[in-house]
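1. predicted model follows, preceded by the sequence.
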Amino acid sequence: MYYLLDLLDKYGPCFTFTLPVKGRFIMINDPQLLDHMLKTNFESFEKGDILHELMYDLFGDGIFGVDRDLWKFQRRTISRLFQERNYKDFIYASIVRKSETVLNILRRCADNGNPIDLQDLFYRFTLDTLGDIFFSTDFCCLTSPEKPVQFAIDFDHAQRIIDWRLEQSLWKFIELYSERGRQIRKSSQVLDSYVYNMINSRRADIKAEKEPNDLLTWFINAVDKDGETLDDKGLRDVILNLIIAGRDTTAQALSWMMYSIMTHPSVEDSLLNEINSILSQNTPIPLYDDVKQLFKYTKATFYETLRLYPSVPKNLKVCTKDNLLPNGVPVYANEFVVWVPWAMGRDKKIWGEDAQVFEPQRFLDDEDLLRPQNQSRFIAFHAGPRTCLGQQFATIEVIILVTMMLKEFKFELVPGQKSPPEFQTSLTLPMKEPLMAKVSRRF
């Protein structure tokens, strides 16, 4: 990633390079060029067959690897969840319940003096939360916080291998005779076994007319434009795509946000001032309307975290027909277009001379109201028709958990850890090592 930042400094926001077998890549780390690709010419740039094949072992025909009608069908079904009445009816309550479980774990750590790996805790929190809200399933990650979660371990292994494939022209051949190939096949078997059991159980519930009203049920009953429903393989693909969307991205954002808070005392002070002005010891749980309307600085801190540590640090698409970028650079059919949100968030031309400084105030105006953001400048939630459906969900989830945590606890990094943390090579931006913190009560 730092190498990409050096290239950006050396060659500017738009340059090309060629990889053997894969062909020509055009780098476009510029808001105007991203607007052109992700919005104005959306239908000319797709995931395409090559990316679909690279990701197929994990994501199959799920929303992150498909285009056109299949993508529209899945997006339309998922969007049903993120309606205002659902937030009020059950999403908010589920997030609060899981957040209270996290606080119970932190209370034990504060009382016994044991440090805790916050990144692992956040992975458990987000997987349990999405399991409850999306699938009415309890993954039991928080009920046994000392126990490894095999499903999550294999999910992470598979992601790292797919990320490796993006840079390898001969990945199919290499995997035939390497540990990577054996690992992704093994991981896929573990994931498939768990997910297919979920699907079979839900089909039995539907047959017995006992099914919960959630995303899994909606997808089982959903009919596409040809009158077809998804088979078990299609449902498996949907579930695994929803898990990376709901688990990894938010857990990593929480990890980087808490790291940034622990290393910026003035930011922590500003957060506490806001939190204490809204919450009290008698009412330590933020109300839904307050989460949406208040906590401006908390939301700005979340956005500043995503600016510097975007959950999807790099992305690419394939050009489907010859195109001319606004700066005059031609892009031909079957060529790749790449953008790197991680580098864009550190670009002084986009964010000013203090681009590499963690400063949440940049997202607030003189009256401490959130500034409207151009999606292609603040690209953490994507832009255009593929804008993240879960943006509001993730924001609410983060605000509820972080405000409840900071209201009751003080967090300090355990000495001896690398700062800033190294990140793991993956499709997303996990920390390479545990984020170990000491926890103490504020009252």
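-> Arrived safely, thanks for sending. Numbering: from 1, shown residues only.
2. could I get the average pLDDT for the helix or strand hosting residue 238?
-> Taking DSSP states H and E as the criterion, residue 238 maps to helix 232-243. Averaging pLDDT along helix 232-243 gives 98.
3. again, but for stretch 320-335
-> Here the average pLDDT along stretch 320-335 is 97.
4. do the same with stretch 403-417
-> pLDDT averaged over stretch 403-417 gives 98.
5. now do that stretch: everything it contacts.
-> 99-100, 102-103, 106, 110, 115, 118, 258-259, 261-263, 268, 271-272, 275-276, 278-279, 284-286, 295, 298, 419, 433, 435-443 (Cβ atoms under 8 Å, 6 or more residues apart in numbering). (C-beta placed from N, C-alpha, C; glycine too.)
6. just the buried residues of those residues.
-> Buried subset of those (neighbour count, 16 or more other Cβ atoms under 10 Å): 99, 102-103, 106, 110, 118, 258-259, 261-262, 268, 271-272, 275, 278-279, 286, 295, 298, 435-439.
7. now, these that are in strands?
-> 436-439 (DSSP state E).
8. and which of the residues you listed is nearest residue 10?
-> For those, the minimum distance to residue 10 (Cβ to Cβ) is 36.3 Å, reached by residue 436.
9. which residues touch residue 291?
-> Contacts of residue 291 (Cβ under 8 Å, 6+ apart): 92, 396, 399-400.
10. distance of it relative to residue 400?
-> 6 Å (Cβ to Cβ, to the nearest Å).
11. between the two, what contacts are shared?
-> Common neighbours of residue 291 and residue 400 (Cβ under 8 Å, 6+ apart) are residue 92.
12. okay, now the closest residue to residue 371 other than its chain neighbours: neighbour count?
-> Excluding the flanking residues, the one nearest residue 371 by Cβ to Cβ, 6 or more residues apart in numbering is residue 365, at 5.3 Å. Residue 365 has 11 neighbours, counted by other Cβ atoms under 10 Å.
13. what of residue 173?
-> 11.
14. which helix or which strand is home to it?
-> Applying DSSP H and E as the criterion places residue 173 in helix 171-176.
15. what's the angle from the following helix or strand past that helix to helix 232-243?
-> Once the chain leaves helix 171-176, the next helix or strand it forms, by DSSP H and E, is helix 179-207. Helix 179-207 and helix 232-243 meet at an angle of 110 degrees, taking axes from the mean of the first three to the mean of the last three Cα atoms, to 10 degrees as the criterion.
16. does helix 179-207 pack against any helices or strands, and if so which?
-> Contact partners of helix 179-207 among helices and strands, from 3 or more Cβ pairs under 8 Å, 6 or more residues apart in numbering; DSSP states H and E: helix 48-59, helix 150-165, helix 171-176, helix 215-221, helix 232-243.
17. who touches the residue most central in space within the chain in this structure?
-> In the chain, the residue lying closest to the centroid (Cα atoms, centre = their mean) is residue 249, at 1.9 Å. By Cβ under 8 Å, 6+ apart, the contact list for residue 249 reads 311-312, 394, 428.
18. that one: which element?
-> Once you assign secondary structure using DSSP H and E, residue 249 falls within helix 249-262.
19. what about that helix, average pLDDT?
-> Helix 249-262 comes out at a mean pLDDT of 99.
20. between helix 150-165 and it, find me the angle.
-> Going by the same axes, to 10 degrees, helix 249-262 makes 90 degrees with helix 150-165.
21. rewinding a little: ok, the residue nearest to the centre of the chain to residue 236 distance?
-> Distance from residue 249 to residue 236, by Cβ to Cβ: 20 Å.
22. show me what contacts the nearest residue to residue 202 once chain neighbours are set aside?
-> Leaving aside its chain neighbours, residue 202 sits nearest to residue 216 (5.4 Å; criterion: Cβ to Cβ, 6+ apart). Applying Cβ under 8 Å, 6+ apart to residue 216 gives the contacts 134-136, 198-199, 202, 235, 239.
23. can you go through the residues you listed and name the buried ones?
-> 134-136, 198-199, 202, 235, 239.
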